[in-house]
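Engineer: okay, predicted coordinates and the sequence, questions at the end:
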Amino acid sequence: MAHSDGSVWIARPATPPRPQLRTPPTTPRKHPSYSSSPVGRSPRNPENASWVVEERRKAYLEHMDKWAKNHDSSTHFLGTLQIMSPETQVENLDLGKSVKCVLTDKAWSDARKHVVVRLFPPRAKNGNKTTYRLLMRSGSGWMGAREVLEKEYFANRRIAGREYRHAYDYHHRNVALAERSRLLGPKPDGKDAVMIGPLFHPFLRLPIELQQYILALAVNKTEMHQPGKNRHSGFYSYVENHNQGGVRYRRKVRSPTKFPHVLCLSKSLNSHLNPYFYRTTTFYFETQGFTSFLWSIGPDNRRQVKKITLAFGAFALLHCMRWFVPDEIFEAIGPQLGLKPLGMQYFWRCQIRDFIRELRLKMLNIDLTYVPKEDLPIIVRALRTCFADVEAIGFIYDGFAVAKGDPQLRLLSEEKSWGELCKDAFLRYQNAAHHSNMFRTEVRDMSIENFEAQLAPNKVFFEQVEPSL
């Protein structure tokens with residue numbers, strides 16, 4: 001741009017206007033006393049005094065709950081410990097301070113007592129964190145919670161210097177405790193209370209052998225156990241009695257506690273309790289439940305099973321023909337079940353034989369009750385060969401062990417081939433109505449010559465000679 005005097009002036013470029021930024025309107029702050037959220041409340045505000053007390057009670061109750069779940073508990077006392085109401089408990093609810101509580105013994109209808117407690121937090125000791133510690137006022141001093149609870153438990157059970165022994169004594173003491181508790185006022189609502197009872201933690205510090213022994217006593221564990229869900233299942237033992245004629249006999253006495261209840265206590269217990277249970281128990285089976293038991297326990301527990309008792313009764317040979325004889329016998333003369341589809345019999349047979357091939361038994365007991373002694377050679381030989389390994393075979397009759405030289409076992413010492421054992425069974429049960437399903441229809445109507453011809457294609461197998469034991 002030129003001026004009048006002839007000089008040239010260069011104009012600077014104009015600065016662009018600054019953009020107008022729109023800021024959102026600020027949210028007005030609420031006064032803490034009108035806030036509906038606990039975050040906005042201030043403990044210094046006098047209007048929040050009741051809220052502060054409630055929050056401290058909740059925090060103190062959480063500490064008490066942690067103590068109740070992990071402490072050196074009394075082995076007898078079962079009850080509750082409740083913080084007194086805010087009107088009565090005016091002190092600060094802090095750890096290490098004296099707090100008034102109501103102690104209730106649940107063994108009685110109404111047995112309350114006012115106590116003063118001090119709860120101390122965990123401390124680091126030798127690099128490890130200890131648990132909560134609770135002291136209770138006792139006379140002019142302080143005692144641990146376990147000692148006070150033990151004294152309270154036994155004090156409530158003494159009447160005039162002696163423990164109650166009859167229902168009248170219990171009722172009399174129950175009424176006396178209820179009258180004493182009424183002087184303390186109405187029953188608390190149980191809002192700020194924790195449950196106190198015997199804990200299971202010290203048990204895990206015992207040696208494993210002692211843990212197993214205690215749990216075995218708890219379920220009345222005996223050597224014999226009958227799996228199943230019917231009324232006959234569970235542990236049982238034989239008790240020897242004499243009838244009016246002086247004849248000795250044995251009856252079964254069953255345990256009232258089921259073993260699966262023990263397995264729900266702790267996973268750490270199951271790691272050694274399961275093998276102990278399966279190794280030391282003799283499992284008792286009749287004609288049902290054997291396959292379902294082996295399937296349900298799984299392969300790991302199947303390897304732990306060492307002792308089995310089989311009681312098939314009068315139809316033992318029929319049962320063995322269906323499930324336990326070698327495949328060569330089953331294919332030649334074995335029975336045919338009316339299962340639909342027809343292949344289900346083969347499915348169940350293959351399943352049970354696969355399961356028992358995993359079992360290496362130390363003892364196989366065979367119950368001879370109602371079993372014909374002529375059937376024993378083929379039954380014993382079939383059962384002995386279907387397991388992976390059997391160290392010893394025992395026999396029982398009506399709960400009593402049968403000695404090796406007993407006349408019932410005389411036929412077991414004879415050496416016969418599979419073919420001879422099958423022919424003996426065919427001649428005994430060919431026309432027996434109660435064993436009509438032992439052989440297939442076409443086999444049952446055969447003559448003895450045709451029966452031998454039926455076994456001829458597998459001559460090598462049926463001519464194997466060996467003793468049954």
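Structural biologist: Alright, I've got the coordinates.

Engineer: tell me what the lengthiest helix in the chain is packed against?
Structural biologist: As assigned by DSSP state H, the longest helix anywhere in the chain is helix 49-69. Applying 3 or more Cβ pairs under 8 Å, 6 or more residues apart in numbering; DSSP states H and E, we find helix 49-69 packed against strand 79-83, strand 112-120, strand 193-196. Placement of C-beta: from N, CA and C, glycine included.

Engineer: can you rerun that using 10 Å?
Structural biologist: strand 79-83, strand 98-105, strand 112-120, strand 133-138, strand 193-196 (3 or more Cβ pairs under 10 Å, 6 or more residues apart in numbering; DSSP states H and E).

Engineer: tell me the mean pLDDT for stretch 138-152?
Structural biologist: Across stretch 138-152, pLDDT averages out at 90.

Engineer: okay, buried residues for it please.
Structural biologist: 145-146, 148-149, 152 (16 or more other Cβ atoms under 10 Å).

Engineer: in this structure Gly96 contacts Tyr132, no?
Structural biologist: No. Gly96 lies out of contact with Tyr132 (Cβ atoms under 10 Å); the separation is 11.3 Å.

Engineer: would you map the strands across the stretch 201-350 of the chain?
Structural biologist: Ranges of strands in the stretch 201-350 of the chain, per DSSP state E, counting those that start in this stretch, are 224-226, 234-242, 248-254, 282-285, 307-310.

Engineer: hey, least reliable of those strands by pLDDT?
Structural biologist: Sorting those by mean pLDDT places strand 248-254 lowest, at a mean of 57.

Engineer: shaky segments in the stretch 101-250 of the chain?
Structural biologist: 126-127, 158-170, 200-202, 229-233, 236-250 (pLDDT under 70).

Engineer: neighbours around the closest residue to Leu455 other than its chain neighbours, how many?
Structural biologist: Leaving aside its sequence neighbours, Leu455 sits nearest to Phe462 (Cβ to Cβ, 6 or more residues apart in numbering; 4.8 Å). Here the number of neighbours of Phe462 (other Cβ atoms under 10 Å) works out to 21.

Engineer: now Ala453
Structural biologist: That count, for Ala453 with other Cβ under 10 Å as the rule, works out to 11.

Engineer: ok so, going back, distance to Phe395 for the helices and strands packed on helix 49-69 - can I get that in a markdown table?
Structural biologist: Compiled in a markdown table, the helices and strands packed on helix 49-69 are given as follows (distance: least, Cβ to Cβ, whole Å):
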| stretch | distance to Phe395 |
| --- | --- |
| strand 79-83 | 55 |
| strand 98-105 | 55 |
| strand 112-120 | 63 |
| strand 133-138 | 60 |
| strand 193-196 | 53 |
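
Engineer: of all those strands, which one is nearest Thr291?
Structural biologist: The closest of those to Thr291 is strand 193-196. By Cβ to Cβ, the value is 44.1 Å.

Engineer: kindly format the C-alpha coordinates of the closest one as CSV.
Structural biologist: Extracted in CSV, the C-alpha atoms of strand 193-196 (Å, rounded to 0.1, in the frame of the first residue of the first chain):
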residue,chain,number,x,y,z
ALA,A,193,-24.6,-62.3,65.6
VAL,A,194,-22.1,-64.9,64.5
MET,A,195,-22.3,-68.6,65.0
ILE,A,196,-19.8,-70.3,67.3
